[in-house]
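[1] here is a sequence together with a model predicted from it:
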Amino acid sequence: MMYLPIMATIKAMFANAETSTLLRHRDKCLQEALHLMATASGQYSDFGDSQVHRHHYTNMNLFKDPRDVALALSTDGAQLTMKKQSDTWLLILLLLNLPAEIRYKSRYVIITLATPGPKPPGVIESFAYPIFEDMAKASIGIWTWDAVDSAYFVNRAYICMVLGDMLGSAKFNGMAGHTAVYGDRFSMVKGARASMAKGAKAQYYPISPPQNDKYNPERPSSYDLDNLPMRNKKDYWEIIDKLHHAESKAASNRITRDTGISRMPLCVASPAFVHPTYFPMDPFHLLYENCMAYLWDVWTIHSKPSELTHLNPEMAQRLGQLVSEAMSTLPASFCGQIRDPFLKRQSQYKIYEWMALLHWYIVPIGIEIGFNPTVLQNFSHFVEIVEFAMTIQPRSSMDLHNLHNLIKKFLLGYEKLYVGQDPDKISRFRLCLFQLIHIPRHIEWNGSIRLGSQATVERAIGEVGHKIRSKKAPFANLANITYERELVKCLLLYYPLLEPPPPPPSQDIKLLKEVKILKQERASGEDFLKQLHAICYWLGEDFNSEVELRRWGKVQLPGGIVLRSRLSETQGKSPTRSARYFEAQLGNTIFGEALAFFEVGTIAQLIMVYCPLVGVHQVLNVYRGIWAEEVKVLPISALHGKVGIWSLSGSEHIYVLRKHPGLTLLNTDERGPENGDDNDEN
């Protein structure tokens, strides 16, 4: 087993003035939140202003020093090589003190433990014991040098939450698991059976299941989504006490069956342990790999042709083909290639592909090919829920109240459409769908639903996994790579001059790939003259074919974003993925296709000639418009970024595909670098 002490890295961070300052961010957010809550105007945006952290400070007497450190432990399993059994579980620590925009970057993530394999750990807590032993010492206090104050202080650190997908969390949380009668680890909502057959499990979560007296006589006939029986700390410790004093295994099993709690986890050793918030939901898997994937399966596999919710094979095949063909108008920097879900669903369909279906393609393609409008409208509520939850933005209590009502609307509509009055269809109301109702509460608890994401540990596994070269001894190789990584990190914190900081991204606008304007174009070039008329009109001048201009094919925007134009993409070899469609802000939001970029010599003004999207409005929360016949001009400074588009051949409707909030959770291979579109030669 590889274990690296945690506090060595934290000490190194406090010894560096820059990172020591960053570690005070949590307390700054906490103090602002406490002040705002006193005026009843608080918002939730991150751990520092969350309900749980205020509870730590106010009721548990923790985090009284601004430098006290809050940590999140995250874990996931992986196979190191494809040639032999090489399962390992990696445990990382996230510094909740840091601002969210840098917290998840590799240089700030602490890899502390990897199980030795070659098989998955049976009881992972036995491997994690050294972590909690070290953290017990850290919670009492460790003398640490602070470079900001140039003095020693007693630093305290606490693990405030453990992150994992449904299976990973179950290894730490001491709950009975998602297949138990009380499988929801946040509430005491009882599971329901979908069959009268012997051995049928009560593992589904409908709100008002049909024929409840017959199929689930011991379950309430209906649950009020506004007033669910939530788990709480007092009941939790009473149940733990009952388990501790159970006189037999049978008695212990009865308590577990009636409560969904199976044991006291090692995590309670943390002074910051709070039930049930300590083990938050993982939105990365819940929303995309669980909910979205299951909805696709219901449409295509688990429904009959006679049902409204069924997507017949011909329509599903066409939808899948349209998705794979849609890549040509989606910027490569948005994500990797999206495969046909009809053909590739069973071939390890990746999480960014489910994201693309959810945020970009199901609704517009469904509208155009005639998927049932009631089903699509219900699905659009789900999309709106995900986008609201995953968007990085402070949320007020009213925002969360409105989100709760939207989730209610989706779940009630889902039950009516997918379950109806058929008790055999109760199985369609999976736990993953029911747990959507907890999203607003999770944002209150933790400041953001994104805090529970497993994306960071999966990215860490990918980073170290790609470096493993030894198939004979992959675990020793992993240990060496990780030890060197953490050692170099500490060394650079103590001696920052060993690694000069990278230059900040350019905030300047830079025109790229000049294309000379030919005399023939000025004289008789139809496209150019049309653009020239638009430029003269924008300048407020009479038409002048000799106006002083320089023309360019691309522009690099602040932050390194490269936007191409029709001019650059139609010269030479055409790129496989277009990057010429844009979003701009000039009083209102403008979408369009960049035709070319110009520098007006007389006034040194950088402008873009473009074809606008007009009649833009939202259909099921997706922007849709039609191409205008006119050409317009816009200052390049108004450009906001790239977008993708999708349209069905033969239809005038153009759908706008904006970057969705889930993209920031992906690694570079899945998401693509910001300037990835410029890898194409044009």
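    Received it, and whenever you're ready, just let me know what you need.
[2] which helix or which strand is home to the closest residue to Phe382 other than its chain neighbours?
    Excluding its sequence neighbours, the residue lying closest to Phe382 (Cβ to Cβ, 6 or more residues apart in numbering) is Phe410, at 5.5 Å. Quick note: C-beta positions are derived from backbone N, CA and C, even for glycine. If you go by DSSP states H and E, Phe410 is part of helix 397-414.
[3] now for that helix, which elements pack on it?
    Using 3 or more Cβ pairs under 8 Å, 6 or more residues apart in numbering; DSSP states H and E, the elements in contact with helix 397-414 are helix 373-390, helix 431-434, helix 439-446.
[4] hmm, try it at 6 Å
    The helices and strands touching helix 397-414, judged by 3 or more Cβ pairs under 6 Å, 6 or more residues apart in numbering; DSSP states H and E, are helix 373-390, helix 439-446.
[5] ok, the residue nearest to Phe382 touching His381?
    Yes - contact criterion Cβ atoms under 6 Å: Phe410 and His381 qualify, at 4.0 Å.
[6] let's verify Leu613: helix, strand, or coil?
    In three-state terms, and counting by DSSP: H, G, I helix; E, B strand; the rest coil, Leu613 is strand.
[7] what's the pLDDT at it?
    In this model, Leu613 is scored at 97, pLDDT.
[8] ok, His310 - contacts?
    When contacts are counted by Cβ atoms under 6 Å, 6 or more residues apart in numbering, His310 touches Ser303.
[9] name the residue most distant from the centre of the protein?
    Taking Cα atoms, centre = their mean, the residue of the chain most remote from its mean C-alpha position is Ala523, at 52.4 Å.
[10] so how far is Leu266 from that residue?
    Distance check for Ala523 against Leu266: by Cβ to Cβ, to the nearest Å, it reads 80 Å.
[11] with Asn253 instead?
    In terms of Cβ to Cβ, Asn253 sits 21 Å off from Leu266.
[12] do the same with Leu4
    Distance of Leu4 to Leu266, computed by Cβ to Cβ: 19 Å.
[13] swap in Val555?
    Taking Cβ to Cβ as the measure, Val555 falls 55 Å from Leu266.
[14] neighbour count winner among these two?
    For Val555 and Leu266, the more surrounded residue by other Cβ atoms under 10 Å is Val555, and the numbers stand at 23 against 18.
[15] so where does the more buried one fall, helix or strand?
    According to DSSP H and E, Val555 maps onto strand 549-556.
[16] can you confirm Leu563 is in a strand?
    Yes - checked against three-state DSSP, Leu563 lies within a strand.
[17] who's it bridged to?
    Taking DSSP bridges as the rule, Leu563 bridges to Val555.
[18] let's have the chain start at 262 instead
    Understood, numbering begins at 262; the last thing we discussed is Leu824.
[19] what pLDDT does it get?
    Leu824 carries a pLDDT value of 95.
[20] contacting residues for it?
    816, 843, 855, 903.
[21] what about the closest residue in space to the last one that isn't next to it in sequence, neighbour count?
    Using Cβ to Cβ, 6+ apart and skipping the chain neighbours, the partner closest in space to Lys903 is Pro592 (4.9 Å). Neighbourhood size, Pro592 [other Cβ under 10 Å]: 26.
[22] my read: Pro592 touches Ser839, true?
    No - the pair Pro592 / Ser839 is not scored as a contact, 7.2 Å apart, by Cβ under 6 Å.
[23] any stretches of the protein with poor pLDDT?
    Low-confidence segments of the chain (pLDDT under 70): 299-302, 343-345, 930, 932-943.
[24] tell me the domain ranges of it?
    263-431+728-759, 544-711, 771-940 (automatic domain parsing).
[25] looking at those domains, which is nearest to Leu486?
    With Cβ to Cβ as the criterion, Leu486 lies closest to domain 544-711 of the domains of the chain, at 5.0 Å.
[26] any idea how far that closest one is from the middle of the chain?
    Domain 544-711 has its C-alpha centroid displaced from the chain centroid by 14 Å (Cα atoms, centre = their mean, to the nearest Å).
[27] ok, stretch 513-531 next?
    With Cα atoms, centre = their mean as the basis, stretch 513-531 stands 30 Å off its chain's centre.
[28] just the CA coordinates of stretch 754-770, formatted as CSV?
    C-alpha atoms of stretch 754-770 as CSV (Å, rounded to 0.1, in the frame of the first residue of the first chain):
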residue,chain,number,x,y,z
LEU,A,754,6.2,25.3,-2.8
TYR,A,755,9.3,25.8,-0.6
TYR,A,756,11.4,27.0,-3.5
PRO,A,757,9.0,28.6,-6.1
LEU,A,758,11.9,30.1,-8.1
LEU,A,759,12.7,26.6,-9.3
GLU,A,760,9.6,26.9,-11.6
PRO,A,761,8.8,30.4,-12.9
PRO,A,762,5.1,30.9,-13.2
PRO,A,763,3.6,30.4,-16.7
PRO,A,764,2.6,33.6,-18.6
PRO,A,765,-1.0,34.5,-18.1
PRO,A,766,-3.4,34.0,-21.0
SER,A,767,-3.3,36.9,-23.4
GLN,A,768,-6.1,39.3,-23.0
ASP,A,769,-5.4,41.0,-26.3
ILE,A,770,-7.4,40.5,-29.5
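[29] and Cys423, how far is that from Gly383?
    Slight slip there: residue 423 is Val, not Cys. 18 Å.
[30] so those two - more neighbours on which side?
    Counting neighbours by other Cβ under 10 Å for Val423 and for Gly383 shows that Val423 has the greater number, 26 against 8.
[31] and for the helix of greatest length in the chain, what are the contacting residues?
    Longest helix in the chain, counting residues (DSSP state H): helix 735-755. Outside helix 735-755, the residues that touch it by Cβ under 6 Å, 6+ apart are 263, 265, 270, 273-274, 276-277, 341-342, 347, 372, 375, 377-378, 725, 728-729, 731, 759-760.
[32] what of stretch 503-522?
    Around stretch 503-522, the neighbours that count as contacts under Cβ under 6 Å, 6+ apart are 436-437, 441-443, 500, 523.
[33] cool, stretch 800-811 as well?
    Stretch 800-811 is touched from outside by 783, 794, 797, 859-860, 862-863, with contacts defined as Cβ under 6 Å, 6+ apart.
[34] got the CA positions of it in CSV?
    Once non-C-alpha atoms are left out, stretch 800-811 reads as follows in CSV (Å, rounded to 0.1, in the frame of the first residue of the first chain):
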residue,chain,number,x,y,z
LEU,A,800,-19.0,53.2,-41.0
GLY,A,801,-21.8,55.7,-41.9
GLU,A,802,-20.2,56.4,-45.3
ASP,A,803,-21.4,56.1,-48.9
PHE,A,804,-20.3,53.0,-50.7
ASN,A,805,-16.6,53.1,-51.6
SER,A,806,-15.0,50.1,-53.2
GLU,A,807,-11.5,51.5,-52.4
VAL,A,808,-12.0,51.8,-48.6
GLU,A,809,-8.7,50.9,-46.8
LEU,A,810,-9.1,47.4,-45.4
ARG,A,811,-7.0,44.4,-44.4
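[35] quick one: the strands in the stretch 512-661 of the chain, in order.
    With DSSP state E, counting those that start in this stretch as the criterion, the stretch 512-661 of the chain has strands at 656-657.
[36] where do the helices sit along it?
    Shown for the stretch 512-661 of the chain, the helices assigned by DSSP state H, counting those that start in this stretch span residues 544, 554-561, 574-586, 602-605, 612-617, 623-630, 634-651, 658-675.
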